[in-house]
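*Asks:* Any chance you could fold what I've pasted below:
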Amino acid sequence: MNAPWSFARFLPLAERLLSRGRLPALIFAVARKGPRLGKLKDDVRLLQSLCVAWWRGEYRAISPRALVTIVAGLLYFVSPLDAIPDWLLGVGLLDDIAVLAWVLKTVDDELAAFRAWRDRQAPEKLRVVERLPDTPQALQLEQEKS
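*Replies:* Coordinates of the predicted model:
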């Protein structure tokens, strides 16, 4: 299945973001925008949790292509200027939802593996791995210390 036409321009942005170590800023932008819709909220949290676990070095069993796809999907989600600008009330999130649905379907096997990994972790460890500090800089510093 082909990527949504408006999504392709976010792939190189995602690659640059990852190569420059800017993932914490995106994770916090996603947390701020986070949807309040049931299943979508859970799906976005799952993608965010995967990114946090990857950033902290706790979960690396994901292909680089899948990681770039997830990061590009989250970039699309937080970008106010995508195919349908988010400020258009009622329809602004429709393209975001469509792109996230496509990302979830595209990386479904990788997400299933991440869910299985999460299920094997002790709840105390998951709380530490998935907890966001107060600022993106604090998350950046955590990674630099390890």
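
*Asks:* Spatially nearest residue to Ile62 (excluding sequence neighbours)?
*Replies:* Using Cβ to Cβ, 6 or more residues apart in numbering and skipping residues adjacent in sequence, the residue nearest Ile62 is Glu110, 5.3 Å away. Where C-beta positions appear, they are placed from N, C-alpha and C, glycine not excepted.

*Asks:* What number of neighbouring residues does the one you found come out with?
*Replies:* Neighbourhood size, Glu110 [other Cβ atoms under 10 Å]: 18.

*Asks:* pLDDT on the top helix by length along the chain, on average?
*Replies:* Longest helix in the chain by number of residues (criterion: DSSP state H): helix 38-55. Helix 38-55 comes out with an average pLDDT of 90.

*Asks:* for the helix or strand following that helix, what is the average pLDDT?
*Replies:* On the C-terminal side of helix 38-55, the closest following helix or strand by DSSP states H and E is helix 64-78. Helix 64-78 shows a mean pLDDT of 95.

*Asks:* Give me the angle between helix 64-78 and helix 38-55.
*Replies:* Calculated by axes from the mean of the first three to the mean of the last three Cα atoms, to 10 degrees, helix 64-78 forms an angle of 130 degrees with helix 38-55.

*Asks:* Identify each buried residue in helix 64-78, please.
*Replies:* Within helix 64-78, the residues scored as buried using 16 or more other Cβ atoms under 10 Å are 66-78.

*Asks:* now swap in stretch 126-134 and tell me
*Replies:* For stretch 126-134, by 16+ other Cβ under 10 Å, it's Leu126, Val129, Glu130, Leu132.

*Asks:* separation between the closest residue to the first one other than its chain neighbours and Trp102?
*Replies:* When you say that, I think you mean Leu126. Spatial nearest neighbour of Leu126, chain neighbours left out: Arg118 (6.3 Å); criterion: Cβ to Cβ, 6+ apart. As judged by Cβ to Cβ, to the nearest Å, Arg118 and Trp102 stand 23 Å apart.

*Asks:* Distance of Pro133 relative to Trp55?
*Replies:* 12 Å.

*Asks:* and what of Ala116?
*Replies:* 20 Å.

*Asks:* These two: who's more crowded?
*Replies:* Per other Cβ under 10 Å, whichever of Ala116 and Trp55 has more neighbours is Trp55, with 20 against 10.
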